[in-house]
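Trainee: Provided below are the primary sequence and the corresponding predicted coordinates.
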Amino acid sequence: MATTFNSQIQKTSNTQHPEAPTDWFCSETGIYYSKHPSVQLPTDPLLDVVTFIFSQKHNGVSALIDSSSGYSIPYSELYSLVKSVASGLHKLGVSQGDVVLILLPNSIYFPIIFLGVLYIGAIATTMNPLSSVSEIKKQTVNCNVRFAFTISEKVEKLAGLGIPAIGVPENVNTDSNPTDFQAFRGLISGNTDWFPRPVINQQDTAAILYSSGTTGVSKGVELTHGNFIAMVELFVRFEASQYENSSWDNVYSAVIPMFHVYGLSLFGVGLLSLGSTIVVTRKFDVDEVLITIDRYRVTHFPVVPPIMEAVLMRAKAVGASSLKSLKQISTGAAPTSRKVIEEFVQTFPHVDFIQGYGMTESTAVGTRGFNTSKFRKYSSVGLLAPNMQAKVVDWITGSFLPPGSSGELWLRGPGVMKGYLNNVEATLSTIDKDGWLHVGDIVYFDQDGYLYIIDRLKEVIKYKGFQIAPADLEAVLVSHPEILEATVTAAQDKEAGEVPVAFVVRRHGSMLSHEAVMDYVAEQVAPYKKVRKVVFTNSLPKSAAGKVLRRELRNSLTSRI
């Protein structure tokens with residue numbers, strides 16, 4: 001991979017490029033503009049995202065459906081349920097500016113809880129429910145969590161951290177022990193007693209989502225109400241406008257996790273402004289997903305690449321009867337291989353396949369695929385979203401590059417985060433004085449304005465679409481008494497996309513085994529973060545400044561493992 005990448009950089013840097021059309025690329029400033037018309041965003045500074053969502057007019061009927069039971073929450077009741085949660089939180093002492101943890105798998109209650117938190121001016125922070133106690137403690141301390149919603153088995157663990165929590169049923173028909181969820185059912189019972197709602201500004205923080213950014217440990221990304229409003233308009237509502245059918249006729253399968261910015265943006269916020277139906281699946285199972293798509297006549301299926309590949313293989317085995325209702329499948333969060341794309345398009349020619357690009361730091365706003373009769377560039381992540389700007393920058397010289405040239409992507413627009421929580425240094429190194437978000441991915445635009453992702457400067461590992469910060473795993477590794485030094489990088493994996501690999505320097509005389517290292521890490525992190533391979537080495541390659549050369553180690557994996 002290193003040879004291919006380096007040869008491509010050499011090729012693009014020594015080639016003369018024709019001038020791009022002036023309506024979407026400015027050769028003087030190096031700025032790429034969206035080819036889509038600009039969208040007028042709300043200008044009222046005192047507009048919060050919940051009010052914005054429920055002010056939209058549509059003819060939606062069913063808002064959220066539990067895939068396993070068929071239980072449905074209609075749009076006619078949705079706003080009342082949100083206000084009921086808000087009222088209950090107010091009575092529990094949660095107020096504006098307090099941080100509420102949502103430690104849940106996908107559930108029809110997830111969007112209601114999220115919007116209920118935001119309705120009272122509180123701030124939501126989300127986590128994978130499989131996170132370990134140490135990971136939960138780290139995040140809750142960092143953002144000063146005051147209250148939590150979680151699965152029943154985590155209630156006592158949160159209490160041990162000094163955080164009061166309410167257990168949320170994983171299945172709407174869970175009645176085996178009603179007392180477990182009595183508090184939640186009281187909260188969502190429809191009691192919408194009036195309370196003095198605070199003034200909420202568009203620039204107020206709505207959510208703190210954790211991301212490793214371009215480098216380093218996970219950091220709290222502060223996303224404002226204005227960021228989410230921009231996401232709804234520039235990502236979800238704009239994409240829906242590209243299709244002829246009414247948005248409230250669309251049925252979406254919610255398999256990707258809502259605790260991730262991709263799922264949260266779609267299922268927790270954006271689609272609820274359109275009146276679309278969201279069929280929620282708690283945990284991915286390929287057979288259940290295929291049944292769900294056929295049973296509920298799902299039309300739109302946002303996924304990450306490993307899910308797409310699993311569904312493709314299983315659907316082909318089942319036969320042509322599968323996926324007949326599907327109109328669109330979209331992938332994001334990680335690259336999709338060309339081979340899988342080609343096979344999917346050939347197998348399901350009636351389904352519009354697109355890729356997209358966004359970050360937690362951009363509230364998932366970036367690019368979206370856009371297929372027309374003239375352009376069907378399936379391997380591209382699409383065109384810049386409306387109101388978004390980009391630059392492609394030579395990461396060595398800092399010069400701006402024209403279409404066809406590869407460099408680091410910079411983004412600017414209304415989806416870009418407020419900053420990293422309590423981390424001015426990381427914020428300033430990621431967002432410059434002119435508002436450009438330095439993404440860390442290596443990209444190029446073609447002559448038609450379509451963006452292609454080539455590689456990453458940043459060190460984050462993407463396992464099945466989940467972000468893993470190498471520094472987080474390294475901190476666990478070096479806490480082992482027999483490990484002198486350790487660094488973590490990614491290895492390509494056909495099923496997962498990437499897997500964490502640890503390069504470990506053992507202390508003198510240690511007989512520590514590969515399995516012991518992997519087991520040690522697995523006990524302290526969420527399952528998706530587990531180290532999958534270990535390489536013992538006598539030393540780690542470092543730069544003159546002492547920085548471990550992860551890219552060098554990553555390039556050596558093919559020959560060493």
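Mentor: Okay, I see it.
Trainee: phi, psi for Gly435 please.
Mentor: When read as degrees, to the nearest 10, the backbone of Gly435 gives phi 90, psi 10.
Trainee: look up how far Thr224 lies from it.
Mentor: Distance, Gly435 to Thr224, by C-beta to C-beta, to the nearest Å: 14 Å. C-beta: built from backbone N, CA, C; applies to glycine.
Trainee: quick one, which of these two is more surrounded?
Mentor: Neighbour totals were compared for Gly435 and Thr224, and Thr224 leads with 21 against 12 (other C-beta atoms under 10 Å).
Trainee: wait, a strand at Asp441?
Mentor: Yes - under DSSP: H, G, I helix; E, B strand; the rest coil, Asp441 sits within a strand.
Trainee: what sits against it?
Mentor: 408-409, 453-458 (C-beta atoms under 8 Å, 6 or more residues apart in numbering).
Trainee: can you give me the strands for the stretch 301-450 of the chain?
Mentor: Applying DSSP state E, counting those that start in this stretch to the stretch 301-450 of the chain gives strands spanning 328-331, 352-357, 367-368, 383-384, 389-393, 407-412, 419-420, 437-445.
Trainee: hmm, back to that, ok, and the most crowded of the contacts of Asp441?
Mentor: Leu409 (28 neighbours).
Trainee: quick check: it touching Ala390?
Mentor: Yes - assessed by C-beta atoms under 8 Å, Leu409 is found in contact with Ala390 at 6.3 Å.
Trainee: would you reformat the contacts of Asp441 as JSON lines and include pLDDT, secondary structure and distance to Glu523?
Mentor: Listed next are the contacts of Asp441 as JSON lines, based on pLDDT from 0 to 100; DSSP: H, G, I helix; E, B strand; the rest coil; distance: C-beta to C-beta, whole Å:
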{"residue": "Glu408", "pLDDT": "92", "secondary structure": "strand", "distance to Glu523": "37"}
{"residue": "Leu409", "pLDDT": "95", "secondary structure": "strand", "distance to Glu523": "37"}
{"residue": "Ile453", "pLDDT": "88", "secondary structure": "strand", "distance to Glu523": "34"}
{"residue": "Ile454", "pLDDT": "80", "secondary structure": "strand", "distance to Glu523": "37"}
{"residue": "Asp455", "pLDDT": "72", "secondary structure": "strand", "distance to Glu523": "33"}
{"residue": "Arg456", "pLDDT": "71", "secondary structure": "strand", "distance to Glu523": "29"}
{"residue": "Leu457", "pLDDT": "71", "secondary structure": "coil", "distance to Glu523": "32"}
{"residue": "Lys458", "pLDDT": "70", "secondary structure": "coil", "distance to Glu523": "28"}
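Trainee: out of those residues, which one sits closest to Met231?
Mentor: Among the contacts of Asp441, Leu409 lies closest to Met231 (C-beta to C-beta), at 18.5 Å.
Trainee: could you give the bridge partners of the closest one?
Mentor: On the basis of DSSP bridges, Leu409 is bridged to Val392.
Trainee: just to revisit the earlier point, got any residues that touch both of Leu409 and Ala390?
Mentor: Leu451.
Trainee: max-length helix in this structure?
Mentor: The residue-count maximum for a helix in the chain (DSSP state H) belongs to helix 75-91.
Trainee: buried ones in it?
Mentor: Within helix 75-91, the residues that count as buried by 16 or more other C-beta atoms under 10 Å are 75, 78-79, 81-90.
Trainee: kindly report the same for stretch 120-135.
Mentor: For stretch 120-135, by 16+ other C-beta under 10 Å, it's 120-129, 131-132, 135.
Trainee: now the two most distant members of these.
Mentor: Most distant of the buried residues of stretch 120-135, by C-beta to C-beta, are Gly121 and Ser132, 30.7 Å apart.
Trainee: could you dump the strands of the stretch 301-450 of the chain into CSV and include distance to Gly465?
Mentor: Formatted as CSV, the strands of the stretch 301-450 of the chain follow (distance: least, C-beta to C-beta, whole Å):
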stretch, distance to Gly465
strand 328-331, 9
strand 352-357, 12
strand 367-368, 17
strand 383-384, 22
strand 389-393, 23
strand 407-412, 19
strand 419-420, 22
strand 437-445, 15
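Trainee: most tightly packed of these?
Mentor: strand 367-368 (a mean of 26; mean count of other C-beta atoms under 10 Å).
Trainee: give me the helices and strands touching it, please.
Mentor: Here strand 367-368 touches strand 352-357, strand 383-384, going by 3 or more C-beta pairs under 8 Å, 6 or more residues apart in numbering; DSSP states H and E.
Trainee: what's the closest of those to Gln346?
Mentor: The closest of the helices and strands packed on strand 367-368 to Gln346 is strand 352-357. By C-beta to C-beta, the value is 10.7 Å.
Trainee: and the closest one, what does it pack against?
Mentor: Judged by 3+ C-beta pairs under 8 Å, 6+ apart, strand 352-357 is in contact with strand 328-331, helix 338-347, strand 367-368.
Trainee: could the ones you listed be laid out in JSON lines, adding mean pLDDT and distance to Ala516?
Mentor: Compiled in JSON lines, those are given as follows (pLDDT from 0 to 100; distance: least, C-beta to C-beta, whole Å):
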{"stretch": "strand 328-331", "mean pLDDT": "90", "distance to Ala516": "37"}
{"stretch": "helix 338-347", "mean pLDDT": "84", "distance to Ala516": "36"}
{"stretch": "strand 367-368", "mean pLDDT": "92", "distance to Ala516": "44"}
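Trainee: make a markdown table out of these and add distance to Asn422.
Mentor: Listed next are the helices and strands packed on strand 352-357 as a markdown table, based on distance: least, C-beta to C-beta, whole Å:
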| stretch | distance to Asn422 |
| --- | --- |
| strand 328-331 | 33 |
| helix 338-347 | 40 |
| strand 367-368 | 30 |
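Trainee: between the ones you listed, which one is nearest to Tyr262?
Mentor: Here strand 328-331 is closest among those (C-beta to C-beta), at 9.8 Å.
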